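Participant: Everything below, folded, please.
(one chain, ligands or ions: 1)
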Amino acid sequence: LRHFLAIDGLDRTLLTDILDRAEGFLSLARAPVKKVPLCRGKIIANLFFENSTRTRTTFELAAKRLSADVLNLNISTSATAKGETLLDTLRNLEAMHVDMFVVRHSDSGAAHFIARHAAPHVSVINAGDGCHAHPTQSMLDMFTIRRHKGEIAGLKVAIVGDILHSRVARSQISALNTLGAAEVRVIAPRTLIPACAPEALGVRVFHDLREGVADCDVIIMLRLQRERMTGGFLPSEHEYFFLFGLTEKRLASAKPDAIVMHPGPINRGVEMDSEVADGPRSVILEQVSNGLAVRMAIMSTCIGAHHAAGQGTEREVA
Ligand code: CP
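Facilitator: Numbers count the residues shown, from 1 in each chain. Next up is the predicted model:
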């Protein structure tokens, strides 16, 4: 595995190996010496062309825990603001012997584009591209679910909200189906679900929240991605919360031990009540903590396997 660009195309064994590897890194957070030398001497560049709080900081921390040197390119003050092309920026960073690019971009396919043009010694990790994929987020979500439920296989999972514009939902659906979830449900207004057939998505579709969460083990809430809504349906926040906002009352039809998740950032009072977000079933902050261990696992897998194999001869995922 050289690049980590999407969940699609990855098999259950590989996903499980990454989750198992992350278990090992989780205990490191509590250890007196928190660093391991797995990426010592490597240079990892964070290229965030779009805003981020959780993903960027946990990637930085994860790289430091792996003993890598980290470059955080500030796009707004970099030469891209003077008209330098993305490829020229990459070539310049490669000239500094960067070993890995962690890329977030508002355009779907941006990480794949960079991976196609990267020098043979460079690995690329997708930290979220447009509406397409956010594979490391879905892996930390699977990790969090597995820690609470033992395994993904057999679970009923509901994903609620703006499925149409959500790269997180796409990657979660793919990971859940690969890892053997019994049923993946999406719950949303008709205007916020992709037009393709549910079977093509690998989900069951619901338009009623209470009905959709009934008997579920895991409820994943999503934000309305207004920055990607370029026309068409723009629900009012009040109306959306009235129909699709998660409250304690609506959660009552889920299993009694159901957990509530959200990739963040949360819009309180829009997709969920604060009472639920901060309540006993919420594992939202745990997701953030787990992101560190999971990103360590993914980065060390890509850098370790790729370099041990002699740069580029290992399996690639694109
Ligand atoms: N979940 C997520 O990607 O959050 P950030 O946008 O803060 O990175």
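Participant: Near the ligand, which residues of the stretch 1-150 of the chain? Just list them.
Facilitator: The stretch 1-150 of the chain comes close to the ligand at residues 52-55, 128, 137, as judged by Cβ under 6 Å from any ligand atom. C-beta here means a position set from N, CA and C on the backbone, and glycine is covered the same way.
Participant: Which of those fall within strands?
Facilitator: Using DSSP state E, the subset of those located in strands is residue 128.
Participant: give the contact list for the nearest residue to residue 25 once chain neighbours are set aside.
Facilitator: Leaving aside its sequence neighbours, residue 25 sits nearest to residue 293 (Cβ to Cβ, 6 or more residues apart in numbering; 4.0 Å). Counting by Cβ atoms under 8 Å, 6 or more residues apart in numbering, residue 293 touches 22-23, 25-26, 28-29, 62, 143.
Participant: that older thread, buried subset of the residues of the stretch 1-150 of the chain next to the ligand, written for PyMOL?
Facilitator: To isolate the buried subset of those in PyMOL, counting by 16 or more other Cβ atoms under 10 Å, use the following:
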select buried, resi 52+54+55+128+137
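Participant: And the pLDDT at the residue sitting nearest the centre point of the chain?
Facilitator: Taking Cα atoms, centre = their mean, the centroid of the chain lies closest to residue 137, which sits 1.7 Å from it. What the model reports as pLDDT for residue 137 is 98.
Participant: Use 30 as the first number for this chain going forward.
Facilitator: Okay, residue one is now 30; in that scheme the one you just asked about reads as residue 166.
Participant: I'd guessed it sits against residue 81; true?
Facilitator: No: counting by Cβ atoms under 8 Å, residue 166 does not reach residue 81; the two are 10.6 Å apart.
Participant: shared neighbours of those two, anything?
Facilitator: Residues touching both residue 166 and residue 81 (Cβ under 8 Å, 6+ apart): residue 157.
Participant: buried set for the helix ranked longest in the chain?
Facilitator: Using DSSP state H to define each element, the chain has its longest helix at helix 313-337. By neighbour count on 16+ other Cβ under 10 Å, the buried set for helix 313-337 is 313, 315-317, 319-333, 335-336.
Participant: Run through who's touching the helix or strand of the chain with the lowest mean pLDDT.
Facilitator: The helix or strand of the chain with the poorest confidence is helix 227-230; it has a mean of 80 (mean pLDDT, DSSP states H and E). Outside of helix 227-230, the residues within contact range by Cβ under 8 Å, 6+ apart are 202, 215, 223, 233-234.
Participant: can you redo those residues as a markdown table with pLDDT, neighbour count and secondary structure?
Facilitator: Formatted as a markdown table, these follow (pLDDT from 0 to 100; neighbours: other Cβ atoms under 10 Å; DSSP: H, G, I helix; E, B strand; the rest coil):
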| residue | pLDDT | neighbour count | secondary structure |
| --- | --- | --- | --- |
| 202 | 98 | 23 | helix |
| 215 | 97 | 29 | strand |
| 223 | 88 | 19 | coil |
| 233 | 96 | 15 | strand |
| 234 | 95 | 16 | strand |
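Participant: Among these, which pair sits farthest apart?
Facilitator: Across the contacts of helix 227-230, no pair lies farther apart than 223 and 233, at 14.1 Å, counting by Cβ to Cβ.
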